[in-house]
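J.: Build the 3D model from these lines:
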Amino acid sequence: MEIEKLPQCVGFIMDGNRRWAKEQNLETLEGHKAGLDVFYDVLAWIKEMNIPHAVFYAFSTENWLRKKVEVDYLMQLFKIFLERMLVEIDQNQVQIRIIGRRSDFSSELQDLMQKLEMESAQYKECTVWVALSYGGRAEIVSACNKAIKTGTPVDEESFSKLLSTAEMPDPDLIIRTSGEQRLSNFLPWQSVYSELFFTPTYWPAFTKDEFTRILAQYGERQRRHGV
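T.: Numbering: from 1, shown residues only. Here you go, the predicted structure:
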């Protein structure tokens, strides 16, 4: 399928891992593992389609409230992800940026995040942003506190530069899987003019064909930005 107009930045709310596992008669945690596998697939599609930025909502500030066994398992998956991306830096040729409260994570994970960012920084054509322990309201509060410390009045443009996404373009398109129709504290400042697509497909079942169809629909929308 030929797509005439591609977004410069796509956001993904990767939802439905646990429900997918339940429907497959699998342990809940297996849904998260399957979801990570789909992340790698989507990363390949993004590169293939020459989309310069993608941002993935991987773990929210609220997710820390889940059962300890699930949180611990997710921490293991994040470690596997970071280590794999480090090994495959030259193969993937993708810059990785982490947004969110890094201090919430173990020192081992923080070190891996920093190392991955530094070693992948040379690849500029495609940047993948991963939101870990991220909350949009917390991000805005943090930016407000930075502005207060400087004592300098801000406007929308200068305030955006205080956010953790300062170097990321606002997402043109946000896709949420699993049928839920809300943003759940994902990029509230940056998403004000994003096109939103909600699909009933669970994240582990998300396919390239569906992604391509969504991109084609996006290309048909008229984005007026209030004009």
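J.: which residues of the chain fall in strands?
T.: Under the criterion DSSP state E, the chain contains strands at 9-13, 53-60, 95-99, 127-134, 173-176, 195-198.
J.: Burial check on the closest residue to Thr61 other than its chain neighbours, number of neighbours?
T.: Leaving out its chain neighbours, the residue that sits closest to Thr61 by CB to CB, 6 or more residues apart in numbering is Gly135, at 3.6 Å. For glycine as for every other residue, the C-beta is placed from the backbone atoms N, C-alpha and C. Close neighbours of Gly135, defined as other CB atoms under 10 Å, add up to 20.
J.: Can you verify my assumption that Arg223 contacts Leu196?
T.: No - applying CB atoms under 8 Å as the test, Arg223 and Leu196 come out as separate, 11.9 Å apart.
J.: quick one: low-confidence ranges for this protein?
T.: Counting by pLDDT under 70, the chain has low-confidence residues at 1-2, 225-227.
J.: Next, work out how far apart the spatially most central residue of it and Ala216 are.
T.: What sits nearest the mean C-alpha location of the chain, by CA atoms, centre = their mean, is Phe56, with 1.3 Å. Computed as CB to CB, to the nearest Å, the Phe56 to Ala216 distance reads 21 Å.
J.: and if you look at Glu70?
T.: 36 Å.
J.: show me the contacts for Glu27.
T.: By CB atoms under 8 Å, 6 or more residues apart in numbering, the contact list for Glu27 reads Ala21.
J.: if we can go back for a sec, show me what contacts the residue nearest to the centre of the chain?
T.: Going by CB under 8 Å, 6+ apart, Phe56 touches 11-12, 14, 39, 42, 128-131.
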